[in-house]
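[1] Build me a structure from this.
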Amino acid sequence: MADTSSRRPRRRAKQPTIAEVAREAGVSAITVSRVLNTPESVRETTRRRVEAAIETVGYVPNRLAGSLASAQSRFIAVIVPSLSNIVFTEVIQGLQATFEARGYQILLGNTDYDLQREDQLVSTFLGWSPAALVITGLRHSEACGRRLRQWEGPIVEIMELGTAIDLNVGLDHLEAGRCMAGHLRERGYRRVVYVGAQMARDYRARLRYEGHCEVLAAAGLEAPLLDMDQLGQFETGARALDQVLATHPEAEAIHFANDDLATGALLHANRLGIAVPQRIAIAGFNGLAIGQHVTPRLTSIASPRELIGRRAAQAVLARLDGEATVDGPLDVGFTLMAGEST
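    Sure thing, here's the model as predicted:
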């Protein structure tokens, strides 16, 4: 776990102003205001120049200005990559329960793993002056990172560990990948295929694959990768099993990027009469309940999702109360759940 020594609130840069945007764009402050409020009244070339300047300086318009700006905001902006994935639903539950106990409500946004959409959500949410922001992951577009660093409120980046803009709560995905690959090696498997889905977008799955590769490389083994085109659904896992058996008939085990894929593959193997783990072992990630109610029981790594939400909310509330907060990333850890599928 991270060091729990006290930490001062992060030093924040001065919020960019309309005047700075105007200087960057070479126009008047009135023109900038027109672009923000009535963009159709501004010539397209001027509007584009102003929009580029807004992105360059990281300006965020205050949507509360002129109305109830004097009232203290009682909502927390929360941005996640998926609302259909139970992993993030459980994180949101931990956040919501903790914030609501203190009289705060959450404003929720979904990026669909799209960093450009994340930037749009950040710009919109910060414009409404939330009390704090909870955002998934540590990797953001350049423009989004600039907005986040300029903003004055508490920010907590969740689900992974590393150098954060402000607060950070999560787990070590590289180590989780090493852990599962090490487990498979201990069970005697040498020909192991890693299966993910849209890993160009799901970079935390890529981190686990990197850890997986390290363990296999240290044993002098190859680490073939199958990257499916559809995010983690049961059907995708079933198709992945077929593809692995067709393209890597020598495979002894499959390390899936998540439990949805792994469970789909395991159920498909049962339908086809393929013995698991005798013919091929199957492992996942997340420790979802469904994986513990199939036969054979799925080997997985449990990520404490609801705990991540609670700890992130607690860190934000401590900052809002002016209390000491954790100095550095807060590692909530993970647990290897060895089932009969390996």
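
[2] So which helix or strand of the chain has the lowest pLDDT on average?
    helix 29-37 (a mean of 83; mean pLDDT, DSSP states H and E).

[3] Enumerate the positions of that one that are buried.
    Going by neighbour count (16 or more other CB atoms under 10 Å), the buried part of helix 29-37 is 31-32, 34-36. C-beta: built from backbone N, CA, C; applies to glycine.

[4] Can you tell me the closest non-neighbouring residue to residue 241?
    residue 265 (4.0 Å; CB to CB, 6 or more residues apart in numbering).

[5] Surely the one you found is in contact with residue 257?
    No. Assessed by CB atoms under 8 Å, residue 265 is found out of contact with residue 257, at 11.6 Å.

[6] re the thing from before, residues in contact with the least confident helix or strand of the chain: which ones?
    With contact meaning CB atoms under 8 Å, 6 or more residues apart in numbering, helix 29-37 is reached by 18-19, 21-22, 25, 41-42, 46-47, 50-51, 53-54, 61.

[7] Can you name the two of these that sit furthest apart?
    Across the contacts of helix 29-37, the longest distance by CB to CB is 20.3 Å; it joins 19 and 41.

[8] Who is residue 132 paired with across the strands?
    Taking DSSP bridges, one obtains residue 76 as the residues bridged to residue 132.

[9] Where does pLDDT dip in the stretch 51-200 of the chain?
    For the stretch 51-200 of the chain, applying pLDDT under 70 flags the ranges 62-72.

[10] ok, which stretches of it are helices?
    According to DSSP state H, counting those that start in this stretch, the stretch 51-200 of the chain carries its helices in the segments 86-100, 115-127, 142-150, 173-186.

[11] ok so, going back, show me what whichever strand or helix holds the residue nearest to residue 241 is packed up against.
    According to DSSP states H and E, residue 265 maps onto helix 259-272. The helices and strands touching helix 259-272, judged by 3 or more CB pairs under 8 Å, 6 or more residues apart in numbering; DSSP states H and E, are strand 192-197, helix 234-247, strand 253-256, strand 281-283.

[12] and the very next helix or strand once past the last one, how far from the chain's centre?
    So the one you mean is strand 281-283. Scanning forward in sequence from strand 281-283 by DSSP H and E, the next helix or strand is strand 300-302. On the basis of CA atoms, centre = their mean, to the nearest Å, strand 300-302 sits 17 Å off its chain's mean C-alpha point.

[13] Now do strand 300-302: everything it contacts.
    Here strand 300-302 has contacts from 176, 179-180, 259, 262, 283-288, 291, 334-337, 339, using CB under 8 Å, 6+ apart.
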